[in-house]
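K.L.:
here is my input, please return the structure:
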Amino acid sequence: MRVNFCILSSMNSSKRKSSLKFKKGQEVVYPLQGVGHISSIEERPFRDTRLLYYIIYLEVSDMTVMVPVDKAEELGIRPIVGKKEAQKALQLISEAYEPIPADWKMRYQMNLDLLKQGSVLNIATVVRTLYHRSKVKELPILERKLYDNALKLLVDEISFSLQKKKTEVEELVFNKMDMN
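P.N.:
Numbers count the residues shown, from 1 in each chain. Got it, this is the predicted structure:
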C-alpha cells in the first residue's frame, strides 16, 4: 500500500472543528483518483504546527492519501453524488453529443480539464465523447488512457451512488452509449 501526502497549508485550532466537511467512514470522490473512504481524521505535525488531515483510502489504486482538512475543497474532494445526480449522468451519456476537435492534443486537453473539475456530469461527458470518437477512429494511447480512467471514475461513483455492482453499472453505461 502506498501513502501519498498532500501537504498544502496550516490552520489554527479554532477552525479545526468547524471546518470538517466530511466525517470518518464517509465515501468521497477525489478528482482524477476515484472514490475513496475516509478511514480517519487525524492531527499530524507539519513544520512548526499541527494540521488536521483526512486519511482517505482509495481502493481502486490501493493507495492512502492524507489531505489537509482545510485544502480538501480546493483539491475538489466532494461527497458521492446522490441517486438523482447519478441518474442524470447516465441520462447524459445516452444523449446526442457535439462533434469534438479533430486535433487529438486539443481534445485531450479539453477532456483532461473536464476531468479535473471532478463533477460526475463532466466525467460522463468525457466518457461519452471519447467512446463515440473511438467508434470513428482508434484513440491515441494517452487519450485511450484518459477514456479508461474516466470510465472507471464514472462506474465507481455511480455504483456507490446507486448501490449496484460495478459490472452492472458498466454494462448499463455501455448500453446507454450504444443507443446513439
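K.L.:
what segments of this structure are helices?
P.N.:
13-18, 83-94, 104-117, 120-136, 141-162, 166-177 (DSSP state H).
K.L.:
any idea of the mean pLDDT for the strand ranked longest in the chain?
P.N.:
The longest strand of the chain (DSSP state E) is strand 34-46. Strand 34-46 shows a mean pLDDT of 93 in the predicted model.
K.L.:
mind listing what's buried in that strand?
P.N.:
For strand 34-46, burial by neighbour count (16 or more other C-beta atoms under 10 Å) applies to Gly34, Val35, Gly36, His37, Ile38, Ile41, Phe46. C-beta coordinates here come from the backbone N, C-alpha and C atoms, glycine included.
K.L.:
re earlier: and the helices of the chain as JSON lines, adding mean neighbour count and mean pLDDT?
P.N.:
JSON lines is the format used below for those (neighbours: other C-beta atoms under 10 Å; pLDDT from 0 to 100):
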{"stretch": "helix 13-18", "mean neighbour count": "10", "mean pLDDT": "45"}
{"stretch": "helix 83-94", "mean neighbour count": "17", "mean pLDDT": "95"}
{"stretch": "helix 104-117", "mean neighbour count": "15", "mean pLDDT": "91"}
{"stretch": "helix 120-136", "mean neighbour count": "20", "mean pLDDT": "93"}
{"stretch": "helix 141-162", "mean neighbour count": "20", "mean pLDDT": "95"}
{"stretch": "helix 166-177", "mean neighbour count": "16", "mean pLDDT": "94"}
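K.L.:
nearest to Val65 among those helices would be which one?
P.N.:
In terms of C-beta to C-beta, the element of these nearest to Val65 is helix 141-162, at 15.5 Å.
K.L.:
specify the angle between the closest one and helix 83-94 in degrees.
P.N.:
Between the axes of helix 141-162 and helix 83-94, defined by axes from the mean of the first three to the mean of the last three C-alpha atoms, to 10 degrees, the angle is 140 degrees.
K.L.:
report all helices and strands that helix 141-162 contacts.
P.N.:
In terms of contacts (3 or more C-beta pairs under 8 Å, 6 or more residues apart in numbering; DSSP states H and E), helix 141-162 is packed against strand 27-30, strand 34-46, helix 83-94, helix 104-117, helix 120-136, helix 166-177.
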